[in-house]
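K.L.:
Here is a sequence with its predicted model. Questions after.
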Amino acid sequence: MHSIVESGLEDFLAGSARSEERIRIEAHLQECAGCRREVEAMKEMSDLFSCLRSPDPPVPDPGFYARVAQRIEAQQPAPFWAGILEPVFGKRMALASLLLLATLGTVLISRETEDYVAGPSPEMILAADHDSPVDVIPVNNRDQMLFTLVSHTQ
């Protein structure tokens, strides 16, 4: 088959070809017997296929579209938050958060107590009587500390 006929054959057989295209193909078919035979065979085949077509289109079973929609929804990936909201994962996340909070609380409290237990400050050492040991100075009595600092003489 020649390229003139091949390029517009589908539109020509369907009857939807433009007028100049249809005239060009018909002119070629009058001149070329081989192309004319092939186009006639294709028209017969097209007629046979159109005879097989059912006059009434098939109607799907009731609930068909609902089942298709359910399958499509089932195939979609789960969102990110679905994994977090799962009960087992949520319990593990809560436990891990509580353990982290307890660890951070322990570190914070141990750091605060280290500041108080670390020993006397340089001001306390300077303000203390050299006759008494440094450990005897009351750390929590601020009035005593103030009095010691004010009354210190060299």
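P.N.:
Thanks, I have it.
K.L.:
C-alpha only now, for contacts and for neighbours.
P.N.:
OK.
K.L.:
Now do the domain split for this structure, please.
P.N.:
3-52, 119-154 (automatic domain parsing).
K.L.:
could you dump those domains to CSV with mean pLDDT?
P.N.:
Putting the domains of the chain into CSV (pLDDT from 0 to 100) gives the following:
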stretch, mean pLDDT
domain 3-52, 82
domain 119-154, 65
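K.L.:
Make CSV out of these and add distance to A82 and mean neighbour count.
P.N.:
Formatted as CSV, the domains of the chain follow (distance: least, Cα to Cα, whole Å; neighbours: other Cα atoms under 10 Å):
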stretch, distance to A82, mean neighbour count
domain 3-52, 50, 13
domain 119-154, 53, 12
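K.L.:
Let me have those in a markdown table, extended by distance to V68.
P.N.:
Listed next are those as a markdown table, based on distance: least, Cα to Cα, whole Å:
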| stretch | distance to V68 |
| --- | --- |
| domain 3-52 | 28 |
| domain 119-154 | 76 |
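K.L.:
For Q75, which of these is the nearest?
P.N.:
Among those, the nearest to Q75 by Cα to Cα is domain 3-52 (35.8 Å).
K.L.:
What is the end-to-end distance of that closest one?
P.N.:
30 Å (Cα to Cα, to the nearest Å).
K.L.:
For this structure, just list every one of the helices.
P.N.:
In the chain, the segments counted as helices under DSSP state H are 3-7, 9-14, 19-31, 33-52, 64-75, 80-84, 87-117, 122-127, 142-150.
K.L.:
Dump these into TSV; add distance to P58 as well.
P.N.:
Formatted as TSV, the helices of the chain follow (distance: least, Cα to Cα, whole Å):
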stretch	distance to P58
helix 3-7	34
helix 9-14	23
helix 19-31	34
helix 33-52	14
helix 64-75	13
helix 80-84	40
helix 87-117	46
helix 122-127	98
helix 142-150	97
